[in-house]
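*Asks:* Fold the stuff below for me.
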Amino acid sequence: MSEEQYTMEKLQNALAEMEAIEENLGALAEQERLTSMVVEDYISSVEALKEIIESEDDTEILIPLGGTVMAKARLLSKENVLVGIGNGISVERTPSDGLEIVEKKGDELEKGLESLRSRMIDMDRRRREVAVYTQKAYAALQGQEMSRGAQ
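*Replies:* Residues are numbered from 1 along each chain as shown. From the prediction side, this is the model:
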């Protein structure tokens, strides 16, 4: 098996690839952070809908407002709730139907989050491979320079 031929051009290409990978990893990490926050909101919505389903009319309940903020509210009627279905559109549904919609969307988001994390792992693996290559290429090119200087 022949030894890898390292050139300055290959080293520069590898460094450019590593920089691109690191930029993409940063963007994916931000996307993961934002998606995780949305998943947490869906989990809060599921819990709130379960509380509504189990409650009687005219009962005091805690409603999530976002993040870690909750508000006490009086449930006047549990007949229907408004459920966002995307693009700023909300529909009126029974709490049970609303729960089904929210759980389905939450599951889709969690699957997307898993896929995103898998892509990040693959990309990080490639980043490490490129890093090893650049170290070897740099050392080999540096050795070639020293050999030329000694002649």
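
*Asks:* C-alpha from now on. contacts and neighbour counts both.
*Replies:* Noted.

*Asks:* In this structure, which residue is most central in space?
*Replies:* residue 32 (2.0 Å; Cα atoms, centre = their mean).

*Asks:* Which other helices and strands does the helix or strand harbouring it contact?
*Replies:* Residue 32 belongs to helix 8-54 when assigned by DSSP states H and E. Under the contact criterion of 3 or more Cα pairs under 8 Å, 6 or more residues apart in numbering; DSSP states H and E, helix 8-54 touches strand 59-66, helix 95-150.

*Asks:* nearest to residue 4, of those?
*Replies:* helix 95-150 (8.9 Å; Cα to Cα).

*Asks:* Quick check: what element follows the lowest-mean-pLDDT helix or strand in the chain along the chain?
*Replies:* Least confident element among the helices and strands of the chain, by mean pLDDT, DSSP states H and E: strand 59-66 (a mean of 81). Tracing the chain C-terminally past strand 59-66 and defining elements by DSSP H and E, one meets strand 69-75 next.

*Asks:* Which strands border that next one, and is each parallel or antiparallel?
*Replies:* Applying DSSP bridges, strand 69-75 is found paired with strand 59-66 (antiparallel).

*Asks:* Name the residues of the strand it pairs with that are buried.
*Replies:* 61, 62, 63, 64 (16 or more other Cα atoms under 10 Å).

*Asks:* Could you confirm residue 6 falls within a strand?
*Replies:* No: if the criterion is DSSP: H, G, I helix; E, B strand; the rest coil, then residue 6 is coil and not within a strand.
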